[in-house]
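1. Have a look at this fold, sequence not included:
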Ligand code: ADP
């Protein structure tokens, strides 16, 4: 053997050892078969992968590694290849199932190549184990199915659109909503369903969402009238990059329809209540006015008992009017028609006014009614003064009504954190704790309906709503048999910080008259009458009488001899029909409205026109100038 052939032999041996090591350590099954399909060699991983002991495969037909349905066919594939050269797996790779010794199938990737050793043809098969990959794919598929089942079970439409614009996923509700069978039909279906321009709005929204993150919400009304509320959220890759937007839609059409129905019903209720209240109040005002007239009449023909009957008519009429006003107030608040004009107003004046108003009732019921406000409480509350007075009057009248003879009612106050809490305390019958929840419900009298105490269960509902509308807070504590405390809390500022404020301007609405006067106000609207009465509470020397029409006013004017007439412009229009004698020689203020500026009224020296609605300071100035001339 020469030196060269020794080298070649060493090299050949060396590379053989090299390849053997490679094959033996490969993490893929490598086997060699002959033209008949008999296994000539198999590396250790083949045994591990398919469960055979070392060398157990050598000499076996390769068909033993194939699933049952392929067994018997492999010989034919091989023969066909050998005769025609048409490959089945040879020279290519494909995913197949290999049969484990124990019978189960193992997913593998099989690549087969043909080699010639001397003049013999052999085939080398390399199988890579795909079990882990197949398992992972099965898990992904399983998760996907689960997700699909879940989103299909959601009644709301859900769809996913990739940032490129492709729709990737849609649940059943989404497909049904636009009447298509498959996600690929969504783009066209949406195009048809959306009104002009909406597609662009939604695209712009998607861009904004992609840039800013999200989520974003939008309401979309389709061409067919249905309204959907959409919530859009970005979906990110694991690496953090956004790649799609998921949209969850909610068909709000039934809800919106129900809301519109409810609003219509509420409107109808308010209109009915307001019409009814008007219809009831007009004759009731007449009853009250004429009863008042009879009571004040100097004519001695009424006997004592007739006088008492008239008093009873008057009292019951007032009670009925108060109830109607409460019901109307509630209807107006519920219909959102109540306007609140908050301003800074002296707390002390508000409380004293309310106490002053309730004093006659407290006296009749033999209940002491007092203010326990701290000395020097000279700051201002941020409230609508008229509405706030209504709140206090409701609370105080309840505290008096649901009390015992010789009981007490008092108002105290505490200031904290820029707020003032006013408490209306009573030593009355109290409220059981299990009744407190229904306290502010309209028409809920908490069993008081069985008592002789008059009421309709509306006052506290109105109070509660008014406090809420003025951004305040109302709270109650009560002990049965001991009494109750209703407290209301509103923003408060001390006198120091309120100097020079609107509160001062309001206080300037005071009058400096020397003697008492009667004023007759003519207005068919009893709400306006009440506002005027509230305004007059600030002027103790003036007594206000109201008439809802000119004939009643005429009769009242003869009996009461008022120093001043105030006439709503709308009612002044009817004065002419009635004859103008009744205003002649009297001081008159006409509150002109947009619709009615009664130019036919002229009595130059003692006549003033004011624009209605009038501020209390303008009214005070006009009254002052007209009445001081008469003093
Ligand atoms: P009304 O007094 O017209 O019945 P409200 O709405 O003012 O209606 O009050 C509802 C109910 O709450 C009353 O019927 C009464 O049972 C109870 N209530 C209210 N204030 C008091 C109070 N200070 N003490 C005891 N019970 C009260």
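-> Cool, the structure landed. For clarity, every value in this text was computed on a predicted model and none was experimentally measured. Residues are numbered from 1 along each chain as shown.
2. Check which helices and strands the longest helix seen in the chain sits against.
-> Identified as the longest helix of the chain according to DSSP state H is helix 253-296. Applying 3 or more C-beta pairs under 8 Å, 6 or more residues apart in numbering; DSSP states H and E, one finds that helix 253-296 contacts strand 227-236, helix 304-334, strand 542-547, helix 550-560. No exception for glycine: its C-beta is placed from N, CA and C like everyone else's.
3. Of all these, which one comes closest to residue 586?
-> Checking the helices and strands packed on helix 253-296 against residue 586 by C-beta to C-beta gives helix 550-560 as the closest, at 7.5 Å.
4. any idea of the angle the closest one forms with helix 253-296?
-> Orientation check (axes from the mean of the first three to the mean of the last three C-alpha atoms, to 10 degrees): helix 550-560 against helix 253-296 gives 40 degrees.
5. And the closest residue to the ligand within the chain, how close does it get to residue 411?
-> In the chain, the residue that lies nearest the ligand is residue 455 (2.4 Å; C-beta to the nearest ligand atom). Distance of residue 455 to residue 411, given as C-beta to C-beta, to the nearest Å: 21 Å.
6. Could you single out the most deeply buried of the helices and strands packed on helix 253-296?
-> Of all these, strand 542-547 has the most neighbours on average by mean count of other C-beta atoms under 10 Å, namely a mean of 21.
7. Compute the inter-axis angle for that strand and helix 253-296.
-> Using the same axes, to 10 degrees: strand 542-547 against helix 253-296 is 110 degrees.
8. who's in contact with the closest residue to residue 287 other than its chain neighbours?
-> Nearest residue to residue 287 in three dimensions, chain neighbours excluded: residue 317, at 5.0 Å (C-beta to C-beta, 6 or more residues apart in numbering). The contact partners of residue 317, by C-beta atoms under 8 Å, 6 or more residues apart in numbering, come to 284, 287, 288, 291.
9. again with residue 53
-> residue 47.
10. Ramachandran angles for it?
-> Main-chain torsions, residue 53, degrees, to the nearest 10: phi -80, psi 160.
11. same check, this time on residue 446
-> Torsion angles, degrees, to the nearest 10, at residue 446: phi 50, psi 50.
12. what's stretch 131-139 in contact with?
-> 106, 107.
13. longest strand anywhere in the protein?
-> Longest among the strand segments of the chain by residue count, using DSSP state E, is strand 105-117.
14. just how off-centre is the longest helix of the chain within its chain?
-> Mean-position distance between helix 253-296 and its chain equals 28 Å (C-alpha atoms, centre = their mean, to the nearest Å).
15. Comparing the helices and strands packed on helix 253-296, which yields the minimum mean pLDDT?
-> Mean pLDDT values for the helices and strands packed on helix 253-296 show the minimum at helix 550-560, a mean of 80.
16. pLDDT weak spots in this structure?
-> 1-14, 87-89, 299-300, 496-510, 527, 573, 576-580, 594-605, 631 (pLDDT under 70).
17. in which helix or strand would I find residue 191?
-> helix 186-193 (DSSP states H and E).
18. How about that helix, which residues are buried there?
-> 186, 189, 190, 193 (16 or more other C-beta atoms under 10 Å).
19. ok, now how distant is the third one from residue 230?
-> When C-beta to C-beta is the yardstick, residue 190 and residue 230 sit 12 Å from each other.
20. The second one now?
-> Separation of residue 189 from residue 230 (C-beta to C-beta): 15 Å.
21. doesn't residue 429 make contact with residue 478?
-> No - applying C-beta atoms under 8 Å as the test, residue 478 and residue 429 come out as separate, 9.3 Å apart.
22. Name the residues of the stretch 351-500 of the chain found near the ligand, please.
-> 398-399, 402, 426, 428-431, 439, 445-446, 448, 455-461, 484 (C-beta under 6 Å from any ligand atom).
23. Just the ones in helices from those residues, please.
-> 398, 399, 459, 460, 461.
24. Which positions in the helix or strand hosting residue 205 come out as buried?
-> In this assignment (DSSP H and E), residue 205 forms part of helix 198-212. The neighbour-count check on helix 198-212 (16+ other C-beta under 10 Å) flags 198, 202, 205, 206, 209 as buried.
25. Just want the angle from that helix to strand 227-236.
-> Using the same axes, to 10 degrees, helix 198-212 lies at 30 degrees relative to strand 227-236.
26. which outside residues touch helix 198-212?
-> Outside helix 198-212, the residues touching it (C-beta under 8 Å, 6+ apart) are 161, 163, 190-191, 194, 215-216, 218, 220, 232-234, 242, 245.
27. so which of those comes closest to residue 338?
-> Looking across these and measuring by C-beta to C-beta, the closest to residue 338 is residue 218, at 32.9 Å.
28. does that closest one really touch residue 247, like I thought?
-> No - in this structure residue 218 lies outside contact range of residue 247 using C-beta under 8 Å: 9.6 Å.
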